[in-house]
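Trainee: I'll drop the sequence and a predicted model, then ask my questions.
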Amino acid sequence: MPGQDQSFLGSPGHGWDSDQVQRQLLELMGRLRRRLAEILDTHGWPGRSLVGEGGAEAAWALALHSMPAPDVLRRCLTLLRGAAAAGEAEPWQVAFLTGRRSLVERDVQVQVTSGPMAIRLARAGVDPASGGTASRAAV
C-alpha cells in the first residue's frame, strides 16, 4: 500500500496542478484510507509483532496521510498510542500523528514534528501532548 502512495507521489511526470492528477491522488488516498480502516477493524493497530518493523512503519505512514478524514486519523492516533504503550510502535510516531491531527482539525500544534526533534522528545520520555514549549524545553 505505501508503495502505491510513494510510486504515485514520486513520479516525475505528474503535473501537480492538473485536475486529473488531483483526482487520481484523491482516489489513491481514498483507497489506501479504506484499506487501512479495514485493517484496523480486523486487527487493531498493526504493530511490530503482527506485521514486523516495516509493516508497522508503513501503517504509520498511511495513517499520517489519511487526510482529509479526521475520523480515521483520530482512530489511528488512539490505537497507535496504545500500541506505543505496549511497545508495538514508536513514541515518535505518536508525536508525528498528534501533530498531523492538530493540523487537520485546525487545533494548535502541540509538538515539534520534525523527525530528529520528535525522536529526541520520545527518547527523553516527553509526552507529545504536553505542549510544544514544554516539550522543547525538556530536550
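Mentor: Structure's in. What do you need?

Trainee: only C-alpha atoms for contact and neighbour calcs from this point on.
Mentor: OK.

Trainee: tell me, how many neighbours does Gly30 end up with?
Mentor: The tally of other residues near Gly30 (other CA atoms under 10 Å) stands at 16.

Trainee: any idea how far it lies from Cys76?
Mentor: Relative to Cys76, Gly30 is positioned 15 Å away (CA to CA, to the nearest Å).

Trainee: domain ranges for this structure?
Mentor: Domain ranges of the chain: 1-68, 90-139, per automatic domain parsing.

Trainee: If you average pLDDT over each of the ones you listed, which is lowest?
Mentor: Lowest mean pLDDT within these: domain 90-139, at a mean of 63.

Trainee: Grab the longest helix from this protein for me.
Mentor: Counting residues, the longest helix found in the chain (DSSP state H) is helix 19-43.

Trainee: Give the buried residues for that one.
Mentor: Leu25, Leu28, Met29, Gly30, Leu32, Arg33, Leu36, Ala37, Leu40 (16 or more other CA atoms under 10 Å).

Trainee: what do you get for stretch 77-91?
Mentor: Leu77, Leu79, Leu80, Arg81, Gly82, Ala83, Ala84, Glu88, Ala89, Glu90, Pro91.

Trainee: How about stretch 63-72?
Mentor: So for stretch 63-72, counting by 16+ other CA under 10 Å, buried means Ala63, Leu64, His65, Ser66, Met67, Val72.

Trainee: what's the neighbour count on Glu105?
Mentor: Using other CA under 10 Å: Glu105 sits among 15 other residues.

Trainee: My guess is it contacts Asp71. True?
Mentor: No: contact criterion CA atoms under 8 Å: Glu105 and Asp71 do not qualify, at 10.0 Å.

Trainee: And the helices in the protein, which stretches?
Mentor: Secondary structure of the chain (DSSP H): helices at 2-9, 19-43, 48-64, 70-85, 91-104, 115-123, 132-138.

Trainee: follow-up on the earlier one: would you format the buried residues of helix 19-43 as JSON lines with distance to Gly54 included?
Mentor: Formatted as JSON lines, the buried residues of helix 19-43 follow (distance: CA to CA, whole Å):
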{"residue": "Leu25", "distance to Gly54": "24"}
{"residue": "Leu28", "distance to Gly54": "21"}
{"residue": "Met29", "distance to Gly54": "20"}
{"residue": "Gly30", "distance to Gly54": "22"}
{"residue": "Leu32", "distance to Gly54": "17"}
{"residue": "Arg33", "distance to Gly54": "18"}
{"residue": "Leu36", "distance to Gly54": "15"}
{"residue": "Ala37", "distance to Gly54": "19"}
{"residue": "Leu40", "distance to Gly54": "17"}
